[in-house]
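1. What would the 3D arrangement of this be:
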Amino acid sequence: MHDDIHSLVGAYVLDAVDDQERVAFERHLAGCAACAADVAEFRATAAHLADGAWSAPPRGLRTAVLEQVARTRQDGPPVRAQAARATPRWRTVAAAAAAAVVLAAGASVVTYQMSASPSSVELVLSAPDATVRQAALPGGGTVTLVSSAGRDEGVVYVTAAPAIDATRAYELWLTDGATARPAGTLAAGANAGQTVVRGVRGQAALALTEERAGGVATPQGTMLAQIPLT
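-> Model prediction:
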């Protein structure tokens, strides 16, 4: 197992991890907005290079990619507090990783299906039009949204938000600019979590408030973060 699980993100997107690493990374991914953003951008880069073509991975591809990785110096991952600024470096790494797949395949185009029945999270993260947006929370923490207009869905990661009482919960809202509708609620007292939001197409923004546990029908608390969708 890798000492630093953050560094598995590229290998995970290329399906170059073993079963134990995959389980560990997917558990980590559920609570790490930085890695979720990296996964989305890696897959978007690979999808653009693939140009929609699908094929079975050629024999020896995994070995060739891992050998190339072993010969390539890897930068250490950013510290958590700098996660929001890490995206430009990962864009470069994503392009290099996708190019390595094309070269290892003998210039044929290869992409991977992550599972026979992918979850909504996987489908959004692997969507060709997946877009990553992020907002900081007052008092610390971030809200990251990976959305796909084509799928009309998004995956929201709340990370390291300020601690709240067990009788309170962070609630998500989709707004068209005039009204807001509930889009999901974190567990009572939780200051981190992942959830899928649906109906993002045509909406103006995603917002976050602190409400009573279980959620409310209309926002009562102050808007703590707002992520524009247009």
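2. Next secondary structure element downstream of the worst-scoring helix or strand of the chain on mean pLDDT?
-> Ranking every helix and strand in the chain by mean pLDDT, DSSP states H and E puts helix 87-104 at the bottom, with a mean of 42. Following helix 87-104 in sequence order, the next helix or strand is helix 120-125 (DSSP states H and E).
3. contacting residues for Asn191?
-> Residues in contact with Asn191 (C-beta atoms under 8 Å, 6 or more residues apart in numbering) are Gly141, Val158, Ala160, Ala161, Pro162, Ala163, Ile164, Tyr170. All C-beta atoms are positioned from the backbone trio N, CA, C, and that covers glycine.
4. I'd like the residues you listed written out as TSV, with secondary structure, pLDDT and neighbour count added.
-> Output for the contacts of Asn191, formatted as TSV (DSSP: H, G, I helix; E, B strand; the rest coil; pLDDT from 0 to 100; neighbours: other C-beta atoms under 10 Å):
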residue	secondary structure	pLDDT	neighbour count
Gly141	coil	90	21
Val158	strand	91	24
Ala160	coil	90	17
Ala161	coil	93	23
Pro162	coil	95	13
Ala163	coil	95	12
Ile164	coil	96	17
Tyr170	strand	97	30
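5. pLDDT at Ala205, what is it?
-> If you check Ala205, the pLDDT there is 97.
6. doesn't Ala178 make contact with it?
-> No - in this structure, Ala205 is not within contact of Ala178 by C-beta atoms under 8 Å, at 11.4 Å.
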